[in-house]
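> dropping a prediction and its sequence here:
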Amino acid sequence: MLCPRKCGADRLNEQYGVCHMKAESVVARAALHFYEEPCISGEQGSGAVFFSGCNLRCVFCQNYEISRGKAGLIIDTGRLAEIFLELQDKKANNINLVTGVMFIPTIVEALKQAKAQGLHIPVIYNSSGYESVEALRLLEGWVDVYLPDFKCMSQELGTKYFGAPDYAEAAEAAIQEMVRQAPHIVLDEQGFIRQGVIVRHLVLPGQRKEAEKVLGYLHDRYGDQIYLSIMNQYTPMKGIDLPDRELKRKLTTYEYQKVIDYALSIGITKAYMQVGKTADESFVPPFDLEGVEK
């Protein structure tokens, strides 16, 4: 019952949830990651912990190896705490928890242990945005920065691409809770984020108007209280059966520029945009258990 699916799986007793996971944490990679927003990665990298499984399961997922649970190692809470400390020892700017909704109880316990042993860098919760408010409240006081997606406003797209007609409703409530917990962007003297909310939107091919709806909503609701990250990196992955023709191509420069123009026209200034060749499979890290095994 941790996420909006509320599938009711008894994961403590070996049942799988919609996320294809039981209760124990499964991690596929724990390493320095350099492809996040500049205030997160910098030159030293973000300490990214990639959890396996996913409650949203986008039809076009770039990280499908882990979102479908095909990679990863089961670890206990003590090992997860050690991983956080090891990433800190590697000079990571932060701990970046990637898609960990299924494991929130064990994540919180691991953070308790790690902080008791000296973990002091910021903790980032990196999410699809499909979260329940009740579960997010378990993270209060343990997470410093929230990095959710806001994928769409349309019930039709939520159903077609995520099997979640309630996606927008859930994401709106989740982001509101995230902003309640981290109401202001706080950067340190080097420009790295210490607290706050950055909302990402991946512009999909053929969905320029949808992107404008998402950005319009976020700007109207939060203004400069949050940062936005407007991404052009959609990559149609080989071997995935995509449901429509548009998803089989990359975003055009024209489409992305029109979204950026719209963002500027409504007064968005606290936002990241992407330039260069970002739609490339080389940006997907290898899920090879680096940093996971002791």
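Here it is on my side, so go on. Just so it is clear, the model here is predicted, and its values are computed rather than measured.
> now find how far off-centre the helix or strand of the chain with the lowest mean pLDDT is within its chain.
Among the helices and strands of the chain, helix 64-67 carries the lowest confidence by mean pLDDT, DSSP states H and E, at a mean of 87. Distance of helix 64-67 from its chain centroid, counting by CA atoms, centre = their mean, to the nearest Å, is 13 Å.
> wait, residue 167 sits on residue 148?
No: using CB atoms under 8 Å, residue 167 is not in contact with residue 148; the gap is 11.8 Å. Quick note: C-beta positions are derived from backbone N, CA and C, even for glycine.
> more crowded one of those two?
residue 167 (26 against 22; other CB atoms under 10 Å).
> ok, the closest residue to the more buried one other than its chain neighbours to residue 54 distance?
On the basis of CB to CB, 6 or more residues apart in numbering, the spatially nearest residue to residue 167 that is not a chain neighbour turns out to be residue 158, at 3.5 Å. Distance from residue 158 to residue 54, counting by CB to CB, to the nearest Å: 15 Å.
> try residue 153
For residue 153 relative to residue 54 (CB to CB), the value is 21 Å.
> with neighbour numbers in mind, choose between the two.
Legend: neighbour count by other CB under 10 Å for residue 153 and residue 54, higher for residue 54 (24 against 20).
> and what about the more buried one, helix, strand or coil?
In three-state terms, and counting by DSSP: H, G, I helix; E, B strand; the rest coil, residue 54 is coil.
> dump the residue contacts of it.
19, 20, 61, 66, 67, 68, 99, 102, 128 (CB atoms under 8 Å, 6 or more residues apart in numbering).
> spell out the residue ranges of the helices in the stretch 51-200 of the chain.
64-67, 77-89, 104-116, 133-138, 155-162, 167-181 (DSSP state H, counting those that start in this stretch).
> list the contacts for residue 161?
So residue 161 contacts 58, 59, 60, 151, 152, 243 (CB under 8 Å, 6+ apart).
> for the residues you listed, which one is nearest residue 237?
residue 60 (7.2 Å; CB to CB).
> touching, residue 287 and residue 72? I think so.
Yes: between residue 287 and residue 72 there is a contact under CB under 8 Å: 7.2 Å.
> so what sits against both of these two?
Joint contacts of residue 287 and residue 72 (CB under 8 Å, 6+ apart) are 28, 66.
> the residue lying closest to residue 247 once chain neighbours are set aside: neighbour count?
Among residues not flanking residue 247 along the chain, residue 60 sits closest, at 5.4 Å (CB to CB, 6+ apart). By other CB under 10 Å, 19 other residues sit near residue 60.
> list the residues that contact residue 60.
So residue 60 contacts 161, 204, 234, 236, 237, 240, 242, 247 (CB under 8 Å, 6+ apart).
> does the fourth one count as helix, strand or coil?
The reference is to residue 236. coil.
> quick check: it vs residue 215, distance?
23 Å.
> what about the two, which has more around it?
residue 215 (23 against 16).
> mind listing the strands for this protein?
25-33, 46-51, 73-75, 95-98, 123-127, 145-148, 186-187, 193-202, 227-231, 271-273 (DSSP state E).
> residue 9 is nearest to which of these?
In terms of CB to CB, the element of these nearest to residue 9 is strand 25-33, at 14.9 Å.
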